[in-house]
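**Q** Sequence unavailable; structure follows:
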């Protein structure tokens, strides 16, 4: 059974810091991995999607890496800003013939001025 | 230009009632989903529909019945509501390109409170 864990559960940093959020999954046989952010009282916004054959994806100040064999992904946020404050979720898709996403437990990030 | 929309945003009701949540997507996607986020913020899939056909049905009580009148809509009907049904329900959609890149797009959520 696939389990997805995110560490840390919460993080509070001053503006400008570079930070790393971690996502671990127990079954390395995944099809892809997606990072989302969730703002309080709002839905999920997709940030990055990495296919299992890829090592990393970048979008602006965000960089996500994937090490499938070790069951890990990291989301790197450069030069953090207060607007980055949100909950970050990673989710894995199990396989080619299923589009079911299994979500992690989330990391609640607060960036203070 | 809302991509995935849900109504209502908030729903407060008594135990035992029957209620529905509606979802619509204007992205032209062929697959839609319902997820439940519990009080601990854990998000779990409930159902998915592809071209109006049920694809995923997790171990959800049969009091929950999804209905897809067309591929742009997936509604969730809940009978005999219980306290434990209180949660935030998210609708999502994606395009199945033969199993390839299928980023899921989420709606804003419906916060259901059962009293």
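**A** Sure, I can see it. Only a predicted model underlies this, so the values are computations on that prediction, with no experimental measurement involved. Numbering: from 1, shown residues only, chains lettered A, B, ... in the order given.

**Q** Those residues of chain B touching chain A, which are they?
**A** Counting by CB under 8 Å from any CB of the partner chain, the positions of chain B adjacent to chain A are B:4, B:31, B:33, B:41-45, B:48, B:55-56, B:90, B:92, B:94, B:96, B:99, B:101-109, B:111. Quick note: C-beta positions are derived from backbone N, CA and C, even for glycine.

**Q** Buried subset of the residues you listed, written for PyMOL?
**A** In PyMOL, this line selects whichever of these come out buried by 16 or more other CB atoms under 10 Å in any protein chain shown:
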select buried, chain B and resi 4+31+33+43+45+48+55+56+90+92+94+96+102+104+105+106+107+108+109+111
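
**Q** Would you tell me which residues of chain A are close to chain B?
**A** A:31-32, A:34, A:36, A:41-46, A:49, A:51, A:87, A:89, A:91, A:93, A:96-103, A:105-106.

**Q** Among those residues, which are located in strands?
**A** Members of those lying in strands (criterion: DSSP state E): A:32, A:34, A:36, A:44-46, A:49, A:51, A:87, A:89, A:91, A:93, A:98-103.

**Q** and the lowest-mean-pLDDT helix or strand in chain A, what other elements does it pack with?
**A** In chain A, the helix or strand scored least confidently by mean pLDDT, DSSP states H and E is strand A:98-103, which has a mean of 82. Applying 3 or more CB pairs under 8 Å, 6 or more residues apart in numbering or on different chains; DSSP states H and E, one finds that strand A:98-103 makes contact with strand A:86-95, strand B:43-50, strand B:53-57.

**Q** Figure out which of those is closest to residue A:67.
**A** Closest to residue A:67 of the helices and strands packed on strand A:98-103, according to CB to CB: strand A:86-95, at 12.9 Å.

**Q** Next, the angle strand B:43-50 makes with the closest one.
**A** 50 degrees (axes from the mean of the first three to the mean of the last three CA atoms, to 10 degrees).

**Q** what's the angle from strand A:86-95 to strand A:44-51?
**A** Going by the same axes, to 10 degrees, strand A:86-95 makes 40 degrees with strand A:44-51.

**Q** Please work out which residues outside the strand or helix carrying residue B:111 touch it.
**A** Residue B:111 belongs to strand B:110-114 when assigned by DSSP states H and E. Identification of contacts with strand B:110-114 by CB atoms under 8 Å, 6 or more residues apart in numbering or on different chains yields A:41, B:6-15, B:19, B:21, B:78, B:81-90.

**Q** Understood, closing this out.
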